[in-house]
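[1] got a predicted structure here, sequence first:
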Amino acid sequence: MTSWRQAACLATAFASLAIARPLPAMAQAAGEPIKIGVPMPLTGTLAGAGNLIALGIRYSAEEANKSGGVLGHKIDLLIEDTKSEPNSAATTGAKMAAQDKVYAFVGGYGSTSDFALLQSIKRFNPIFMHPASSSVKLEQAFGKEPGYFHVYIWDYNRQKAAAAFLTSVTPKVETVAIAYEDGLYGSDAAKYSEQYMGKAGLKLVMREPFKAGTPDFSPILNRAKAANADVLFFVGYSGDNIQFVKQAHALDVKPKLILLVNAGEKRADFGDAGEGVALIGEWAPEQKTAGLATFITGINAWLPNGQKVQPAMVQGYTAMDTLIQAIKSANTLDQAKVLQALDTQTFNTPYGALKYQESDGGALHQLLSEKNMIVYQYRKEGEDVVWPAEKASGVLAYPAP
């Protein structure tokens, strides 16, 4: 697979074929649609959550269009598949900026691919609403761009929250084994896990990388079993999470708790192996948040084939919807004024009332932080939010069944 450094070079070369353009004063004439570029991994190893995020973006846009659009303009989503690959992400993004001349981007998922994507369009100074990806390398490279707005947490936010959760557990958690995806996403997660869990007094007894899409986790699981950790913390994408939990069940690897990073999967994906598994993420429909029921009712009625809302959908919805709210607040499509609204406004979101603020790492526009993180645990059927207490709908089973 192409490395993120190689992909960034290729993306820059592709983008240089076009002339960079500044932010336009008015991107659309009266009545013309607002073209939004949605580069997403719809196939490949990242497709699970990629398609869910795209559904959330679509729901927000279609709800706006049902009520006449935004300031009299319909939203036209240009959804294209980045194929879970850095090169595809880079060329797709540059095409959308240079040829399609989109008004803004809402999309991207997968830290390594998104680094290449953002590098390829940086010179165009776009509005980029980023629903996902958590590597701090993205924060460091693009966080100070005036048009970059990041919904999802950064890796250190998640690991701060994971350490806080694990130190709240009774009986006390003492040892943790970590398995992590070896790209930007997982490597940063492992680094910050070591930092914050170590500060919290937790002993890390295993730190094992793996490649996304690995078909056989038995070597890592056997090492985890030998390490005999209280908690097995797994940082992967959706397909990896499901495969890992099912193989742990088959091999009878039973730590007191398996903790996953939510990546778009749902309870039914795990079958019998899922009982007692905990996930750390930013949102769950069971959490206690004012006004949440109305959003859940609306999106569940819209989703096809009886699907139910998943956390990754909410990331996509929030990225698109905060852009829509900002345009309406600015009462113009002038991008400078829309950026000002994005920078200063408090938004109503499924996570609660939030503003884009400076992150701990210096990114100018960050929506979520460790304060928004939750842990939920799968039951024999369904799930309960178990941490923090103010959002909980149930109590953590520890040791897990």
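    The structure has been received and is ready for your questions.

[2] spatially central, which residue of this structure would that be?
    With the centre of the chain defined as its mean C-alpha position, the nearest residue by C-alpha atoms, centre = their mean is residue 132, 3.0 Å away.

[3] doesn't residue 314 make contact with it?
    No: shown here, residue 132 and residue 314 do not form a contact pair, counting by C-beta atoms under 8 Å, at 10.9 Å. To be clear about C-beta, it is placed using only N, CA and C from the backbone, and glycine gets the same treatment.

[4] tell me the domain boundaries of this structure?
    Partitioning the chain according to automatic domain parsing yields domains covering residues 4-153+292-368, 156-281+373-391.

[5] got these as CSV, with mean pLDDT and distance to residue 399 columns?
    Formatted as CSV, the domains of the chain follow (pLDDT from 0 to 100; distance: least, C-beta to C-beta, whole Å):
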stretch, mean pLDDT, distance to residue 399
domain 4-153+292-368, 90, 25
domain 156-281+373-391, 95, 4
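
[6] how about the ones you listed in JSON lines, adding distance to residue 401?
    Below are the domains of the chain laid out as JSON lines (distance: least, C-beta to C-beta, whole Å):
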{"stretch": "domain 4-153+292-368", "distance to residue 401": "23"}
{"stretch": "domain 156-281+373-391", "distance to residue 401": "4"}
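
[7] tell me where the stretch 201-350 of the chain has strands.
    In order along the chain, the stretch 201-350 of the chain carries the following strands (DSSP state E, counting those that start in this stretch): 203-210, 231-235, 257-261, 278-281, 346-349.

[8] got CSV for the ones you listed, with distance to residue 114 and mean neighbour count too?
    Output for those, formatted as CSV (distance: least, C-beta to C-beta, whole Å; neighbours: other C-beta atoms under 10 Å):
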stretch, distance to residue 114, mean neighbour count
strand 203-210, 20, 16
strand 231-235, 17, 27
strand 257-261, 16, 24
strand 278-281, 19, 23
strand 346-349, 21, 17
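
[9] which ones are touching residue 92?
    Contacts were defined as C-beta atoms under 8 Å, 6 or more residues apart in numbering; by that measure residue 92 touches 39, 80, 81, 82, 117.

[10] ok, now residue 270?
    242, 245, 246, 277, 378.

[11] among these, name the ones in helices.
    242, 245, 246 (DSSP state H).

[12] right, and the first one touches residue 269 too?
    Yes: applying C-beta under 8 Å as the test, residue 242 and residue 269 come out as touching, 5.0 Å apart.

[13] can you give me the helices for the stretch 51-200 of the chain?
    86-95, 111-121, 136-142, 155-168, 184-199 (DSSP state H, counting those that start in this stretch).

[14] returning to what we had before: look up phi and psi at the residue nearest to the centre of the chain.
    Backbone torsions of residue 132, given as degrees, to the nearest 10, read phi -150, psi -170.

[15] how close does it get to residue 146?
    21 Å (C-beta to C-beta, to the nearest Å).

[16] and residue 184, by the same measure?
    In this view, residue 184 and residue 146 are 23 Å apart by C-beta to C-beta.

[17] among these two, which residue is more densely surrounded?
    Taking neighbours as other C-beta atoms under 10 Å, residue 184 and residue 146 compare with residue 184 leading, 22 against 14.

[18] residue contacts, the more buried one?
    Taking C-beta under 8 Å, 6+ apart as the definition of contact, the neighbours of residue 184 are 4, 111, 112, 115, 135, 137, 138.

[19] right, and the fifth one touches residue 190 too?
    Which is residue 135. No: checked against C-beta under 8 Å, the pair residue 135 and residue 190 is beyond contact range at 11.6 Å.

[20] so what's residue 295 up against?
    Contacts were defined as C-beta under 8 Å, 6+ apart; by that measure residue 295 touches residue 350.

[21] now the one 4 residues further on
    Taking C-beta under 8 Å, 6+ apart as the criterion, residue 299 is in contact with 56, 59, 309, 313, 317.

[22] ok, and the closest non-adjacent residue to the third one?
    Across the structure, with C-beta to C-beta, 6 or more residues apart in numbering as the measure, the residue nearest residue 309 apart from its sequence neighbours is residue 299 (4.8 Å).

[23] and that neighbour, how close does it get to residue 57?
    Distance, residue 299 to residue 57, using C-beta to C-beta: 12 Å.

[24] between residue 242 and residue 269, who's got more neighbours?
    Set side by side, residue 242 and residue 269 show more neighbours around residue 242, with 21 against 16, by other C-beta under 10 Å.

[25] now the more buried one: how far from residue 297?
    According to C-beta to C-beta, residue 242 and residue 297 sit 28 Å apart.

[26] redo the contacts of residue 184 as a markdown table? Include distance to residue 86 and neighbour count.
    Conversion of the contacts of residue 184 to a markdown table gives the following (distance: C-beta to C-beta, whole Å; neighbours: other C-beta atoms under 10 Å):
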| residue | distance to residue 86 | neighbour count |
| --- | --- | --- |
| 4 | 6 | 21 |
| 111 | 10 | 25 |
| 112 | 6 | 29 |
| 115 | 7 | 27 |
| 135 | 13 | 23 |
| 137 | 13 | 18 |
| 138 | 13 | 27 |
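
[27] shouldn't residue 34 be in contact with residue 70?
    Yes: contact status for residue 34 versus residue 70: in contact at 6.3 Å, counting by C-beta under 8 Å.

[28] which neighbours do these two have in common?
    Listed as contacting both residue 34 and residue 70 by C-beta under 8 Å, 6+ apart are residue 327.

[29] higher neighbour count, the two?
    A count of neighbours by other C-beta under 10 Å puts residue 34 above the other of residue 34 and residue 70, at 23 against 20.

[30] can I get the helices of the stretch 51-200 of the chain in CSV including distance to residue 386?
    Formatted as CSV, the entries for the helices of the stretch 51-200 of the chain read as follows, by distance: least, C-beta to C-beta, whole Å:
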stretch, distance to residue 386
helix 86-95, 35
helix 111-121, 27
helix 136-142, 27
helix 155-168, 9
helix 184-199, 19
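
[31] deepest of those helices, which one?
    Mean neighbour counts were compared across these using mean count of other C-beta atoms under 10 Å; the top stretch is helix 111-121, at a mean of 29.
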